[in-house]
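Chemist: Take a look and give me a structure for this.
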Amino acid sequence: MLRKVIQRSTLYLSYVGMFFLIPMMLITSGEVVGRAVWSRPIPGSMELSSYMLAVFILLGVAYTHQVRGHVRVSMLVSRLPERVALALDVMTTLLSLFIIGIMAWQGWVVGMEERTVSDMLRVPQLPFRLLVSVAGVFLCLELLIDLVDTLKKLTRR
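Modeler: Take a look at the predicted model:
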């Protein structure tokens, strides 16, 4: 039950991130056309595009892990015995949990201290800094699901 809630939430967060691709595409296209045809770029389009790209990436990283979309090199692991491969998987998942946990924690700490705004449009950076923490928490939850699954496989054999 908890697994379904986490995975569904991760999916919905990725949908929110994907939604930001549409305005990013329109702003970038408008920027190119405005610059090429009328020699008038859209003011602040680079700032907006970079913020929307950050939202897209951060809200999609946990879902990408959920569907195994990350690059994974298994040349060495595929040649190992299954128990050794599962033990290595547990170790790498624990290391990932540690690193992403620190990232989520520091994302929260840095985000709460953030008071700056962007140069041209004066967009506050606080929500975008806090997204690092949100993305880290959801990635940690996905990693915990993987850890439980791997430990079940390891203890079954």
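
Chemist: From now on I want contacts and neighbour counts done on CA atoms only, so please keep to that.
Modeler: Noted.

Chemist: Which pLDDT does the model give the residue in the chain sticking out farthest from the centre?
Modeler: In the chain, counting by CA atoms, centre = their mean, Trp38 sits farthest out from the average C-alpha position, at 36.9 Å. Listed pLDDT for Trp38 reads 91.

Chemist: Could you do Arg72 as well?
Modeler: At Arg72, the predicted lDDT confidence score is 80.

Chemist: wait, what's in contact with it?
Modeler: With contact set as CA atoms under 8 Å, 6 or more residues apart in numbering, Arg72 has no partners.

Chemist: for the protein, what are the low-confidence residue spans?
Modeler: Applying pLDDT under 70 to the chain flags the ranges 157.

Chemist: again, only using 50
Modeler: In the predicted model of the chain, no residue satisfies pLDDT under 50.

Chemist: What are the boundaries of the helices in it?
Modeler: 2-19, 21-37, 45-66, 82-113, 126-156 (DSSP state H).
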